[in-house]
Every structure is written in C-alpha cells, then in structure tokens.
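K.L.:
Need a 3D model of the sequence below.
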Amino acid sequence: MSMENHRAQHGDSSAGCVALTNMRPKVERLTMARELRVHPSVVAVNYDLSELRITLAVNNDSRVDLQVVFRLPVGFRVMNEGDLLEFWENYKPGSDWLCRVHEGGWNDLESTRDGYLSRHQPGLQEYLVVGRNECVSILSYEQPTIVYAAPLDVPQTGTARQA
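P.N.:
Sure, this is the predicted structure:
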C-alpha cells in the first residue's frame with residue numbers, strides 16, 4: 001500500500017509525530033542512584049513477567065556491579081544510545097545513568113497511538129537506564145530498586161541496598 005493510500009484510508013497521523021520528534025526530553029536524575037566514577041555498561045536485561053532486572057557493570061570487565069530492578073513493569077525497550085540522540089544534550093556520564101523521563105520520551109511517543117491504553121492510567125512513569133552502548137526505557141508504576149552487588153568506590157547518595 002502506498003503512503004498516499006494509507007493516509008487516505010487512515011488519515012495523516014504524521015503531523016503529531018513530527019511535533020513529538022522536535023520535543024526535547026525533560027529528564028531528572030534519580031537521587032537514589034549513586035554517582036559512579038565511569039559510565040556503566042548494560043550487560044544483561046532479564047524479564048520474568050513479574051520483574052525486570054537490568055544488570056550493569058561499572059568496570060571494563062564483565063563483573064556485575066549493580067542491578068536495577070522494576071517490579072511489574074508495563075513495558076520496556078532496549079535501544080542503542082545512538083538512536084536516542086535527543087537525550088544527550090545535557091547528559092553527564094557517571095551521574096545520569098538512572099533517570100526519570102518527565103516528557104518527550106518513549107511514553108509520549110507511544111501516547112500518539114490510539115491503541116496505547118496505558119496512557120489513560122494515572123501514575124505511569126517512564127525511566128531510562130543509560131549504558132555505554134545500550135539504554136533501557138521502562139514504563140512502570142513503581143520506582144526501581146537498586147542492588148549494588150559489589151562494593152563501589154563511589155560516594156553514597158540516596159538509599160539503596162548492598163547485596
């Protein structure tokens with residue numbers, strides 16, 4: 001089906017998408033996340049219907065240094081950081097690795113679709129876990145829990161638990 005036929009049958013929805021793509025994300029660093037001395041790498045993403053567990057390594061080896069855990073997430077996506085360029089204008093490596101996205105992120109993009117019913121649910125929040133190459137966007141009603149699996153030589157901010 002040509003684009004012209006699609007627009008004739010379904011209407012031109014591209015106008016809303018253009019406006020959204022020009023929107024700069026409004027992002028807030030979560031204070032519960034420790035400031036790290038280096039940019040972490042996402043090394044695993046595990047989901048078992050009740051929990052999403054994102055594993056990050058801070059050092060350049062494969063050692064697991066921390067995990068970010070979301071209970072009962074609504075959805076998540078993994079993308080290369082190069083496909084999320086609009087987020088990096090004010091990004092600070094090492095400190096902005098766990099953020100809440102208030103506006104201009106994946107949730108707003110999904111909200112342009114008529115079939116996205118979660119947009120009508122109060123309390124849904126978007127989070128972004130930023131890795132050196134991969135980034136994970138998460139839609140959830142609850143804040144994540146951070147589990148530090150190895151002692152990190154970094155200042156402590158906020159509350160978290162040591163494994």
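K.L.:
Assess the claim that residue 29 and residue 91 are in contact.
P.N.:
No: using Cβ atoms under 8 Å, residue 29 is not in contact with residue 91; the gap is 9.7 Å. Every residue, glycine included, has its C-beta placed from N, CA and C.
K.L.:
Show me how far stretch 73-81 is from its chain's centre.
P.N.:
6 Å (Cα atoms, centre = their mean, to the nearest Å).
K.L.:
Please identify the buried residues of it?
P.N.:
73-76, 81 (16 or more other Cβ atoms under 10 Å).
K.L.:
and what of stretch 123-136?
P.N.:
126-132, 134-136.
K.L.:
nearest to residue 56, of those?
P.N.:
Using Cβ to Cβ, the shortest approach to residue 56 within the buried residues of stretch 123-136 belongs to residue 131, at 6.5 Å.
K.L.:
Need the pLDDT of the nearest residue to that closest one once chain neighbours are set aside.
P.N.:
Leaving aside its sequence neighbours, residue 131 sits nearest to residue 42 (Cβ to Cβ, 6 or more residues apart in numbering; 3.4 Å). Predicted confidence (pLDDT) for residue 42: 94.
K.L.:
can you tell me which helix or strand residue 42 belongs to?
P.N.:
Following DSSP states H and E, one finds residue 42 within strand 41-47.
K.L.:
Residue 147 now?
P.N.:
strand 145-148.
K.L.:
Run the chain-centre distance for that strand.
P.N.:
16 Å.
K.L.:
Direction included, what does it pair against?
P.N.:
strand 66-71 (antiparallel), strand 161-162 (parallel) (DSSP bridges).
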